[in-house]
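1. dropping the sequence and predicted coords here.
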Amino acid sequence: VANWNFIQGGNGFFEAPSMEQKYLNLAAVGDVFHAAYRSATDVVYWLSADGSNYAGPYRASSNGPPGTVVDVHHSVAVAYGAKVGIAFLDSRDGDDDPWFATLSGASMYIVKMNPSFLGGTINIDGLDVPVPAVYIWNVASLHPVNAPAMQPGPPNTQYLWQSWSDGGANPHDINVGAADAVVTANYLTQYWLTMSATVGGVTLSPGSSWQNAGASVVIQCTMPPPSTYVRYTFGGWIGAGPGAYTGMANPTPITMNGPITEVCDASREFLYTFTTQPNNLDMNIDGTRLVTPQTPWFADGSAHTATAISPQQPLGPTQRYVFDRWLEDGSRVAAKSFNPVTGAANWTAVYLTEYQLTMTSTPSACQYTVDGTTYSGSNVFWFLRDSVHVVDMPSPQAAGPDTRYVFGSWSDLQPRSHPVTINTPGMTLDLTCTVENRFVIDTVPSGALTFTVDGGAPITGPQTYWWPAGQTHVIGFPTPQSVGVDSRRVFFQW
């Protein structure tokens, strides 16, 4: 369904409806609409540069006696050649003859913008007038015009004044000539070029700016010079808009066929240095075991982990390194997380040296203690180099109902309880325990008779002895032994 707009700002009429307006004739020539009609026995002329807003009224028949235009159909016609011309039936000479009128001493001037769709206003004769605008001006008259330096357009589009078609400056006076004329304010279309980068610090050329429509513009993303700890990598252009570019070329031209966005996909990387004390130990970086030192480059904002591997035995089976702390912050947690990465960093995993100590006991069931903890048999210990530990043998210790262990000797010939300094890799320390068996010696009847042990003084039973296995002891029963005036005891058997 068509949408019709009435002329003259929606009024829909030239003169007030109460006035007589008959026999309208309309002609559209070029950019101008010409309208003529009979009004109160005169011919009235209007003109418009847009078909909506009309200038007038100009009374084309007013050079003779008024009220002489004939009131009949088709009595008015308008046309345009080099000038506007109006024909009408007139009775001023006594009969109805065709008469003709054209402009004399005046010219029709159209003032507009190029491109024509701009619209807006131009200051004409001191007034801001919507354009296109059409005037009937007297020849040789002066009319100042001043076009806006910039006209806004759709998003990221603008129009800049470039020139007047009559060669005048901005502003300038139009000097009306004898011929009709169109005076045009020419505008240049510009589109906004938006440039950005995914990281800071890079240089974008020409940067976000207005560029002429259709222009070939060379864009470039320049990385900052690398430093010891920071570097930048160009990853390509991501372009959007008519004439934009997406790809790896740098620099590269684009054509401004409309607003364009170009993003320099760059990455900033920071140097991380991973070392160990002592040097050249292994470290797990992002899941991969690597020999230090390692100097990876990590992208700004990325996430990574480094884990100090512990223990490590690069020097052989009897000595090793164990993780102690991170040098930089003193943390004793082996796994270190960097999330997000925001700058360069050095991280050093500090290790301590441990030596192996092997301890055995003979018999293997014999128990011993190391720093107060009980062990038996053969055990392997890892202790920090030059650390001191106390070894002991609880003596005696039960080995069975009638058997026990007592301290025999240490292989280092030290006392039963003594400190051991861990100063050599692969140290060994052997404990020899003596097995003792329990002997109970008594007489029957018990307590009344005496016996001797290893030639000692006679003693009464019962007596308990713990003797090392394999030893020889002599027990004797002095016989007879008196038990009264007329009684004695003599040895019978063991």
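-> Great, that's in hand.
2. can you pull the contacts of the residue positioned nearest the centre of the chain?
-> The centroid of the chain falls nearest to residue 301 when counting by CA atoms, centre = their mean (6.0 Å). Contacts for residue 301 (CB atoms under 8 Å, 6 or more residues apart in numbering) come out as 340-342. Glycine gets a C-beta too; all of them are placed from N, C-alpha and C.
3. scan the residues you listed and report the most crowded one.
-> Highest neighbour count within these, by other CB atoms under 10 Å: residue 341, with 19 neighbours.
4. can you tell me how far it is from residue 270?
-> Residue 341 is 6 Å from residue 270, where distance means CB to CB, to the nearest Å.
5. what is in contact with those two at once?
-> 298, 300.
6. show me what contacts residue 310?
-> Applying CB under 8 Å, 6+ apart to residue 310 gives the contacts 321-323, 334, 351.
7. brain fart, residue 134
-> Residue 134 sits next to 32, 47-49, 55, 108-111 when contact means CB under 8 Å, 6+ apart.
8. work out for me the element residue 9 sits within.
-> helix 7-10 (DSSP states H and E).
9. for the nearest residue to residue 343 once chain neighbours are set aside, list each beta-bridge partner.
-> Among residues not flanking residue 343 along the chain, residue 270 sits closest, at 5.5 Å (CB to CB, 6 or more residues apart in numbering). The partner list for residue 270 in beta bridges (DSSP bridges) reads residue 230, residue 298.
10. kindly provide the distance from residue 270 to residue 276.
-> On the measure of CB to CB, residue 270 and residue 276 end up 21 Å apart.
11. can you check residue 369 too?
-> Taking CB to CB, one finds residue 369 at 35 Å from residue 276.
12. more neighbours: the two, which one.
-> residue 276 (24 against 14).
13. tell me if I'm right that that one and residue 290 touch.
-> No: with contact defined as CB atoms under 8 Å, residue 276 does not reach residue 290; the gap is 11.0 Å.
14. tell me the buried residues in stretch 377-388?
-> In terms of neighbour count (16 or more other CB atoms under 10 Å), stretch 377-388 has its buried residues at 381, 383.
15. quick one: mean pLDDT for that stretch?
-> Mean pLDDT, stretch 377-388: 98.
16. for it, which outside residues touch it?
-> So stretch 377-388 is contacted by 311, 319-320, 322, 352-361, 364-365, 370, 389, 419-423 (CB under 8 Å, 6+ apart).
17. pull out the buried positions in the worst-scoring helix or strand of the chain on mean pLDDT.
-> Each helix and strand of the chain was given a mean pLDDT (mean pLDDT, DSSP states H and E); the minimum falls on helix 7-10 at a mean of 80. Residues residue 7 are the ones in helix 7-10 that count as buried (16+ other CB under 10 Å).
18. distance between it and the chain's centre?
-> 56 Å (CA atoms, centre = their mean, to the nearest Å).
19. residue ranges with poor pLDDT in this protein?
-> Scanning the chain with the threshold set as pLDDT under 70 gives 1-2, 62-67.
20. mind doing that once more with 90?
-> Where the chain drops to pLDDT under 90, the residues are 1-23, 26-32, 37-105, 116-120, 200-201, 226, 447-448, 483-485.
21. got the contact list for the closest residue to residue 221 other than its chain neighbours?
-> Counting by CB to CB, 6+ apart, residue 221 lies nearest to residue 264, which is 3.6 Å off, once chain neighbours are set aside. Contacts here follow CB under 8 Å, 6+ apart; on that basis residue 264 touches 195-198, 202, 204, 221, 234, 237.
22. equivalent analysis for residue 395, please.
-> Shown in contact with residue 395 (CB under 8 Å, 6+ apart): 405-407, 416.
23. just the closest of those residues to residue 307, please.
-> Distances from residue 307 to these, taken as CB to CB, are shortest for residue 416 (43.5 Å).
24. how far off centre is stretch 346-355?
-> On CA atoms, centre = their mean, the centre of stretch 346-355 falls 34 Å from the chain's centre.
25. buried residues in the helix or strand just after the helix holding residue 9?
-> Once helix 7-10 ends, the next helix or strand along the chain (criterion: DSSP H and E) is strand 22-29. The neighbour-count check on strand 22-29 (16+ other CB under 10 Å) flags 23, 25, 27 as buried.
26. I figured the second one hits residue 78, correct?
-> What that stands for is residue 25. Yes: if you go by CB under 8 Å, residue 25 and residue 78 touch, sitting 5.1 Å apart.
27. how far does stretch 29-44 stretch from one end to the other?
-> 18 Å (CA to CA, to the nearest Å).
28. surely residue 468 and residue 433 touch.
-> No: in this structure, residue 468 is not within contact of residue 433 by CB under 8 Å, at 10.5 Å.
29. higher neighbour count, these two?
-> residue 433 (25 against 11).
30. state the helix or strand in which the more buried one lies.
-> Counting by DSSP H and E, residue 433 is part of strand 427-441.
31. which elements pack onto the next helix or strand after that strand?
-> As assigned by DSSP H and E, the chain's next helix or strand after strand 427-441 is strand 450-453. The contact analysis (3 or more CB pairs under 8 Å, 6 or more residues apart in numbering; DSSP states H and E) places strand 450-453 against strand 459-460, strand 475-476.
32. including distance to residue 140, could the ones you listed go into JSON lines?
-> As requested, these are exported to JSON lines (distance: least, CB to CB, whole Å):
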{"stretch": "strand 459-460", "distance to residue 140": "162"}
{"stretch": "strand 475-476", "distance to residue 140": "163"}
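33. neighbours of the residue nearest to residue 68 when sequence neighbours are not counted, just the number please.
-> Residue nearest to residue 68 in three dimensions, not counting chain neighbours: residue 92, with 4.0 Å by CB to CB, 6+ apart. Counted by other CB under 10 Å, the residues lying close to residue 92 total 15.
34. picking up where we left off before, element containing the residue nearest to the centre of the chain, please.
-> Short version, using DSSP H and E: residue 301 is in no helix or strand.
35. now do the contacts for residue 292.
-> 274-276, 279-283, 349.
36. partner strands of the helix or strand encompassing residue 158, parallel or antiparallel?
-> If you go by DSSP H and E, residue 158 is part of strand 157-164. Applying DSSP bridges, strand 157-164 is found paired with strand 150-152 (antiparallel), strand 181-197 (antiparallel).
37. quick one: buried residues of the shortest one?
-> Okay, so that is strand 150-152. Buried, per 16+ other CB under 10 Å, within strand 150-152: residue 151.
38. gap between it and the chain center?
-> With CA atoms, centre = their mean, you get 37 Å for strand 150-152.
39. just stretch 92-112 next, same as before
-> Using CA atoms, centre = their mean, the offset of stretch 92-112 from its chain centre is 74 Å.
40. quick one: end-to-end length of that stretch, please.
-> 40 Å.
41. list the buried residues in it.
-> By 16+ other CB under 10 Å, the buried positions in stretch 92-112 come out as 99, 101, 103, 106-112.
42. what does stretch 287-302 give?
-> Neighbour-count burial for stretch 287-302, counted by 16+ other CB under 10 Å, picks out 292, 294, 297-298, 300.
43. go on, stretch 236-248?
-> Neighbour counts over stretch 236-248 (16+ other CB under 10 Å) mark 236-239, 241, 243-245 as buried.
44. go on, stretch 259-266?
-> The neighbour-count check on stretch 259-266 (16+ other CB under 10 Å) flags 259-266 as buried.
45. swap in stretch 184-201?
-> 184-185, 187, 189-195, 197, 199.
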